[in-house]
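>>> fold the following.
(one chain, ligands or ions: 2)
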Amino acid sequence: MTTPGANLTYGFTGDYVREFIEKESVRRQSNKVLHGHPSPLYWKALESPIEELLDERLGYGMKARHEVNLYVGTPFCIKTKPARCGFCLFPSEDYEGNKGVEAYLDYLKREFDMYKPFYSSDTLTSIYFGGGTPNLYRPEHYGRVMQLVDNLYGGIPSDIEITLEGIPQLFNEEKIKAISEAGFNRVSMGVQQLNDNLIKYSGRRQTREQVFNALENCHKYDLANSLDLIYGWPEQTIDNMLEDLQTAVDAGVHHITHYELNIAGRSDFAAPSKRALLPSIETNIEMYHASKELLLNAGFEQVTVYDWRRVPIKDQSARLSSYDYEHNMHNFVAKDPEASKTTLKQVCGIGFAAVNFHANSLDDGDRNWIYMNQTSLKEYCADIDSGRFPIGRGFMYSPHDVKLAWLFQSMQTMKINFVQYMENFNENLLDSYSAIWEELDRRNWIKVGESELQFIGDGQYYIPMIQSLIASRRLAEIRATRKQKLNNIDVVVE
Ligand SMILES: C[S@@+](CC[C@H](N)C(=O)[O-])C[C@H]1O[C@@H](n2cnc3c(N)ncnc32)[C@H](O)[C@@H]1O
Ligand code: SF4
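Numbering: from 1, shown residues only. Ligands and ions are numbered 1, 2, ... in the order given. Okay, here's the model as predicted:
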């Protein structure tokens, strides 16, 4: 238990910080969009049966009703050559036709039914159907999947954001109409590249014309829309990138996510022949700053390191350009000053590869956890057939991990409110990581105000690396604990 305002240093020294930054800043960055702290590489089979954990969560729900963002996963993607669009690091399965989709939707229904005793009293704050490629579903499927949510929660609040993700060439008018009629109010389109020559590296049969058609359909049916674009693509120049962004802006898109290309393990873009075509890290940094300048001048507001919303004009609704599913979690400890009540917002995930994030309480000794469903369709179905929740792996948070998870989320927004951090965790953030802040300040990567620490200049681009730095001591501990356990030595770190 930390004492009021305790100073913890977590063992960071100036030398350690400088060495870390010197080594890591010249490597390709990888963003932490997906899971925050810690990476799923550190997750393993859950130690407690999930029914026990869900019962425990229900108990906390009696004290403070859970506010949840619901994620519903879809496994399928159209086959490409190279596989998985060449760059994709997300789990997926090849689409083999509608029969497979029908079979999956039956399994999905069974998993929704399994959660009925555990989730039905939660309060829904946003819904996201992601994947994979959920717009591979046929028009008649959208109402059916929405019904699953409705049945589980006994209704869907009328004013929340409900997103469906997909690829441009499948958002034809018939589907967009069905998506809108089923109750979705937002579409997130994975475009990645608007340049018809460069998109070929992904093996996708996609043209920029299809992107404009899909956007027009969204506008016609009044759906908020967002485009995902990737910069740092093989052979991409700063001019190519700016042209893509300007085109998206001119087409009236409400929200843009502009990710730096993540390169890892098995993907085709990680092969040496493709790596040779990638822009340098220095060019990627220039791309980050140039895209920022263009989007700010075009009337967009930067919400996170990579996501941008069009500032609403005239009588446009602010809802159009929001992205609640993600933004709700940037401060998952929400204090209601009037009721002096603390709400911990959660993510509930159902379906293939879905993630559940259940922070239940900030007090020491309480249990908080994250887990991911099976990432192989075969195992997902086999678990449900044997009456088991289809969970692959997870992680039980220590109190230190909960703080890191909160810091990771906050850093996505390019600032940390250290007054809130003190209120939440009774710890002085500026003191705890003083060696880190000193070095970042020396590099002009941060600015410290009265209540907030802001990331500025290249410090914004390097946020993923700084997140890794802040977590590095804890991750070393986890690795050491595992090694000791493996060697059968009875030493528990922490
Ligand atoms: C899971 S994908 C699903 C969206 C949809 N299937 C598509 O392909 O557009 C969600 C987003 O993650 C981003 N993404 C996937 N792999 C990435 C990578 N290697 N680097 C950067 N962003 C990536 C893409 O922008 C993509 O739109
Ligand atoms: S980028 Fe989208 S369509 Fe391509 S493999 Fe990944 S999830 Fe599937």
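
>>> so for stretch 244-256, mean pLDDT?
Stretch 244-256 carries an average pLDDT of 96.

>>> so is that stretch next to ligand 1?
No. Using CB under 6 Å from any ligand atom, stretch 244-256 stays clear of ligand 1, with a minimum separation of 10.7 Å. Placement of C-beta: from N, CA and C, glycine included.

>>> how about the CA coordinates for that stretch, as PDB?
Included here for stretch 244-256 are C-alpha records, laid out as PDB according to Å, rounded to 0.1, in the frame of the first residue of the first chain:
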ATOM      1  CA  ASP A 244      -3.900  11.400 -49.400                       C
ATOM      2  CA  LEU A 245      -4.700  13.500 -46.400                       C
ATOM      3  CA  GLN A 246      -5.900  16.500 -48.400                       C
ATOM      4  CA  THR A 247      -8.100  14.200 -50.500                       C
ATOM      5  CA  ALA A 248      -9.700  12.700 -47.400                       C
ATOM      6  CA  VAL A 249     -10.200  16.200 -46.000                       C
ATOM      7  CA  ASP A 250     -11.800  17.400 -49.200                       C
ATOM      8  CA  ALA A 251     -14.100  14.400 -49.300                       C
ATOM      9  CA  GLY A 252     -15.700  15.600 -46.100                       C
ATOM     10  CA  VAL A 253     -14.500  12.800 -43.800                       C
ATOM     11  CA  HIS A 254     -15.400  13.400 -40.100                       C
ATOM     12  CA  HIS A 255     -12.500  11.700 -38.400                       C
ATOM     13  CA  ILE A 256      -9.100  10.400 -39.500                       C
END
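
>>> ok now do the closest residue to ligand 1 within the stretch 51-200 of the chain, which residues does it touch?
In the stretch 51-200 of the chain, the residue that lies nearest ligand 1 is Gly190 (1.3 Å; CB to the nearest ligand atom). Contact partners of Gly190, counting by CB atoms under 8 Å, 6 or more residues apart in numbering, are 165-168, 228.

>>> and stretch 221-237, how far apart are its ends?
One end of stretch 221-237 to the other measures 35 Å (CA to CA, to the nearest Å).

>>> in that stretch, what's buried?
Buried residues in stretch 221-237, counting neighbours by 16 or more other CB atoms under 10 Å, are found at 221, 223-234, 236.

>>> does that stretch come close to ligand 2?
No. Stretch 221-237 lies out of reach of ligand 2 by CB under 6 Å from any ligand atom, never closer than 8.8 Å.

>>> pLDDT of that stretch, averaged?
Rounded mean pLDDT across stretch 221-237 is 97.

>>> tell me how far that stretch is from the chain's mean position?
In terms of CA atoms, centre = their mean, to the nearest Å, the centre of stretch 221-237 is found 16 Å from the chain centre.

>>> and it, anywhere near ligand 1?
Yes. Against ligand 1, stretch 221-237 shows contacts by CB under 6 Å from any ligand atom at 228, 230.

>>> got the contacts of Gly190 as TSV, with secondary structure columns?
Converted to TSV, the contacts of Gly190 look like this (DSSP: H, G, I helix; E, B strand; the rest coil):
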residue	secondary structure
Glu165	strand
Gly166	strand
Ile167	coil
Pro168	helix
Asp228	strand
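
>>> can you pick out the most distant pair from these?
Using CB to CB, the two most remote members of the contacts of Gly190 are Glu165 and Pro168, lying 11.5 Å apart.

>>> now for the two: what residues contact both?
189-190.

>>> out of the two, which sits in the more crowded spot?
Taking neighbours as other CB atoms under 10 Å, Glu165 and Pro168 compare with Pro168 leading, 24 against 20.

>>> which residues are in contact with the more buried one?
189-191, 206, 210-211, 213-214.

>>> checking Leu89 next. Helix, strand or coil?
Applying three-state DSSP: Leu89 is coil.

>>> mind starting the numbering at 19 from now?
That works, and once the first residue is 19, the last one we named lands at Leu107.

>>> what pLDDT is listed against the residue of the stretch 269-418 of the chain found nearest ligand 1?
The nearest approach of the stretch 269-418 of the chain to ligand 1 comes at Asn280, 3.5 Å away (CB to the nearest ligand atom). The score at Asn280 is 91. That number is its pLDDT.

>>> grab the nearest non-local neighbour of it.
Excluding the flanking residues, the one nearest Asn280 by CB to CB, 6 or more residues apart in numbering is Ser48, at 4.7 Å.

>>> repeat for Glu111
Excluding the flanking residues, the one nearest Glu111 by CB to CB, 6+ apart is Pro93, at 4.3 Å.

>>> so that neighbour sits against Tyr122, correct?
Yes. Using CB atoms under 8 Å, Pro93 makes contact with Tyr122 at a distance of 6.6 Å.

>>> which of those two has more neighbours?
Taking other CB under 10 Å, Pro93 and Tyr122 do not tie; Pro93 has more neighbours (25 against 22).

>>> show the pLDDT at the more buried one.
Pro93 is given a pLDDT of 98.

>>> do the same with Lys501
72.

>>> can you check Val90 too?
98.

>>> what strands line up against whichever strand or helix holds it, and which way round?
Element membership for Val90, per DSSP states H and E: strand 85-92. Strand 85-92 has these partner strands in its sheet, going by DSSP bridges: strand 141-149 (parallel), strand 359-369 (parallel).

>>> report the buried residues of the longest one.
Neighbour-count burial for strand 359-369, with 16+ other CB under 10 Å as criterion, is recorded at 361-369.

>>> domains in the protein, by residue range?
Split into domains by automatic domain parsing, the chain comes to 32-48+432-500, 68-345.

>>> tabulate those (JSON lines), appending distance to Asn374.
Converted to JSON lines, those look like this (distance: least, CB to CB, whole Å):
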{"stretch": "domain 32-48+432-500", "distance to Asn374": "20"}
{"stretch": "domain 68-345", "distance to Asn374": "8"}
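
>>> hmm, who's touching stretch 269-277?
Residues contacting stretch 269-277 (CB under 8 Å, 6+ apart): 49, 51, 229-230, 233, 237, 242-249, 263, 266-267, 309, 313, 318, 324-328, 338-341.

>>> related to what we said a few turns ago, secondary structure added to the contacts of Pro186, as a markdown table?
Output for the contacts of Pro186, formatted as a markdown table (three-state DSSP):
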| residue | secondary structure |
| --- | --- |
| Met207 | strand |
| Gly208 | strand |
| Val209 | strand |
| Gln224 | coil |
| Gln228 | helix |
| Val229 | helix |
| Asn231 | helix |
| Ala232 | helix |
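
>>> picking up where we left off before, would you turn the strands paired with strand 85-92 into CSV with mean pLDDT and distance to Met259?
Listed next are the strands paired with strand 85-92 as CSV, based on pLDDT from 0 to 100; distance: least, CB to CB, whole Å:
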stretch, mean pLDDT, distance to Met259
strand 141-149, 97, 25
strand 359-369, 90, 31
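
>>> quick one: those strands as TSV, columns for distance to Arg411 too.
Formatted as TSV, those follow (distance: least, CB to CB, whole Å):
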stretch	distance to Arg411
strand 141-149	19
strand 359-369	13
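
>>> on that earlier part again, tell me the one of the contacts of Pro186 nearest ligand 2?
Gly208 (5.1 Å).

>>> sounds good, over and out.
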